[in-house]
Each structure stands twice: as structure tokens, then as C-alpha cells.
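K.L.:
Task: produce atomic coordinates for the following.
(one chain, ligands or ions: 1)
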Amino acid sequence: MAAHWHILGAGSIGCLWAAHLAKAGHRVTLILRNSERLDTFKKNGAVVLESDGKQHLFPVNACLPANCGPISHLLITTKAYDTLPALKPIAHQLTHDACVVMMQNGMGAQQETATRLAPINVWAASTTDGAWLKEPFHVVFAGKGETKVGPLLQTVPSLPTIPTELAPSDLTLVADEQIELSLWRKLAINCAINPLTAYYDCRNGELAEDPSKFQHMSRVCAEIDRLCQQLKLQLFDGPAVQQAEAVARATGANFSSMLQDVRHKRKTELDYITGYLLKQAKQAGLALPENQTLYEHLKKTTK
Ligand code: KPL
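P.N.:
Next up, the predicted model:
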């Protein structure tokens, strides 16, 4: 069933989804933060999707928060720390039966938003699709992964695991009844890799290959295992460091999203990655000194 999707956050993942939803026959409107962004968008009036060296133009609409009209389907792809401020000016435009899907790194923003918007239904998604922005509204689809989707704080038992209007699309969607557990898995890997690559200013692969960096990652991961044990969360079959090492090797040549933020002097998602982990540990009465030291160091040295 075709729907009108509004997309909040026109970064790489927002543009990737804008193009694929438009391709699948949905109406798409990007909600842009100011008139400069709107003017830039209007030069093409479209999202460019580059895949396997070929470029395709997908004409979509764009608006400012003040004049986006009623919103029945909202996809949130902002940075975690931008979610609530970006949502504030448009929240009253959501219809009472709106469908909201949040696709973001880190943890905390999804739960805060779902609580704030209740009883509106909110889904969370976790994606391994690789995409980067060549220029504003021009996204390069760098690696096909999959996107797990499931309802957050489910209040309506009959809610579909994947919102009906999100499919069909060329992207791979996987229904996930336990999306919070998947978000935790992603969080654990992000906590192991992102802050350490920012600390050492290194590619992901070095965390697996350099013995002293690997030791550091092992200590960070041992604390994640202790917390998960206390919270009775079984994330992986073995210790978290095994999984972190595998991801660090598989993405070895890449710079993590946090290191990219640091290098571009942008605000990082640290508070929604290590910061969220530390908050959960505090509530559980656990100290995580390795993660705490890393958090404090990055708080002092980055935006
Ligand atoms: O998700 C990632 C990121 O860069 O944010 C990786 C490095 C793959 C895991 O932390």
C-alpha cells in the first residue's frame, strides 16, 4: 500500500530510504531544518542514488518543519542527539494513528521518543546497509545489508512487526519481535569500536590487529559482558569481544562513524553509545571503570 512518508534527517540513511521509498511508489517529503537546506535541495528537487557506479534521480518533495502539513508516516533518521529538538516543531502534525519508524545509531533516543509520542505507535530499526553522502542529497549505496524492524514499547498487541506501508522496497527488511535486543547488540559493538577508534584515531581494523589496542577493546568488552549478565541480557553466544573483533576485521578499512564525526569536528553520539551504557550500569549499581575513563576522556577532547 502506497503511503506518504515524511523523512526527518536527510543524511546518508535518510536519503537512501527516500530514494528507495520513492522507487517503491510512495510519496516522499524530506523535512529540512532551514531555508538554506531547502534552497540547496531545490536545485535538483530530487535525491540522487548512486549504486554500482550508476546514478538514478528520484524526485521527492521537501518542506520546512513549520509547513509540512499532517504527517501519517514518519521515518526518523537524525543523529540520536538531534531527535527530540527536530521532532518538537512537527510533533503536533502527527496524525493520531501515525506510524513512526526510528532508524538511528545508539540507544536512548528511541525510547525517549516512544515515551514522548505515546499512544502513537513507534517502531525501531537497526540497519547494516552502508551508505555515505557524496554531496547534499546525493547518496552512495556502498554495501547492501539488512534492516531489522520491530515495535518499541508495544501497547497494541495486533501491531504488525513491520509497518505495512514500509514494504515493499528494494532494501532487505527483516521482522524483529525483539528489536530492543537487536539495538543492544548494535550498542555493544558500537561501545567496543567507536570510542576506541576515536581515542586512538585509527581505522576499525587496528583494534583487532594491534595487540595493545585489542587488549583495551577486550577490557571494554568484559565490562559490557558483566553489565549484560547483571541485566540478564544474552546478546551473543560467546563473549562480546569475539563479536567486536569480527566486526572490526570485517569493517577493517573503515573509519567508524564516531571517528568521522571527531575528524569533521561534529558533535558525536557518545552520550547515546557509551553514555547510555554507563547510565544503565549506574541504575544496576555497577561501575564500569574502563568505559567511564574512555567516556570522560572523549567528553573532554571532542564536541
Ligand atoms: O556501526 C559502526 C559505526 O561506525 O558506527 C561500526 C564501526 C561498524 C561498529 O561500531
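K.L.:
The residue of the stretch 1-150 of the chain found nearest the ligand: neighbour count?
P.N.:
Here the stretch 1-150 of the chain gets closest to the ligand at one residue, residue 105, 5.6 Å apart by C-beta to the nearest ligand atom. For the C-beta atoms, the positions are set from N, CA and C on the backbone; glycine is no exception. The tally of other residues near residue 105 (other C-beta atoms under 10 Å) stands at 20.
K.L.:
Return the residues in contact with it.
P.N.:
Residues near residue 105 by C-beta atoms under 8 Å, 6 or more residues apart in numbering: 79-80, 186, 190, 257, 269, 272-273.
K.L.:
go on, residue 85?
P.N.:
Applying C-beta under 8 Å, 6+ apart, no residues qualify as near residue 85.
K.L.:
how about the helix or strand where it lies: buried residues?
P.N.:
Using DSSP states H and E, the element containing residue 85 is helix 83-87. Neighbour counts over helix 83-87 (16 or more other C-beta atoms under 10 Å) mark 83, 86-87 as buried.
K.L.:
if we take the residues you listed, which one ends up nearest to residue 177?
P.N.:
residue 83 (23.7 Å; C-beta to C-beta).
K.L.:
returning to what we had before: now the helix holding residue 85: mean pLDDT?
P.N.:
On average, the pLDDT along helix 83-87 is 96.
K.L.:
begin at 52 from here
P.N.:
With 52 as the first residue, the last one maps to helix 134-138.
K.L.:
right, and the helix or strand after that helix?
P.N.:
strand 145-154.
K.L.:
Direction included, what does that next one pair up with?
P.N.:
Take DSSP bridges as the rule and strand 145-154 pairs in its sheet with strand 122-127 (parallel), strand 172-178 (parallel).
K.L.:
Make a markdown table from the ones you listed and add mean pLDDT to it.
P.N.:
Listed next are the strands paired with strand 145-154 as a markdown table, based on pLDDT from 0 to 100:
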| stretch | mean pLDDT |
| --- | --- |
| strand 122-127 | 98 |
| strand 172-178 | 95 |
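K.L.:
Where do the helices of this protein begin and end?
P.N.:
All helices of the chain, identified by DSSP state H, fall at 63-74, 86-93, 134-138, 160-168, 230-251, 257-260, 262-281, 291-301, 308-314, 325-334, 340-352.
K.L.:
The residue nearest the centre of the chain - nearest residue in space that isn't next to it in sequence?
P.N.:
For the chain, the residue nearest the mean C-alpha position is residue 155 (1.8 Å; C-alpha atoms, centre = their mean). Spatial nearest neighbour of residue 155, excluding adjacent residues (C-beta to C-beta, 6 or more residues apart in numbering): residue 131 at 5.2 Å.
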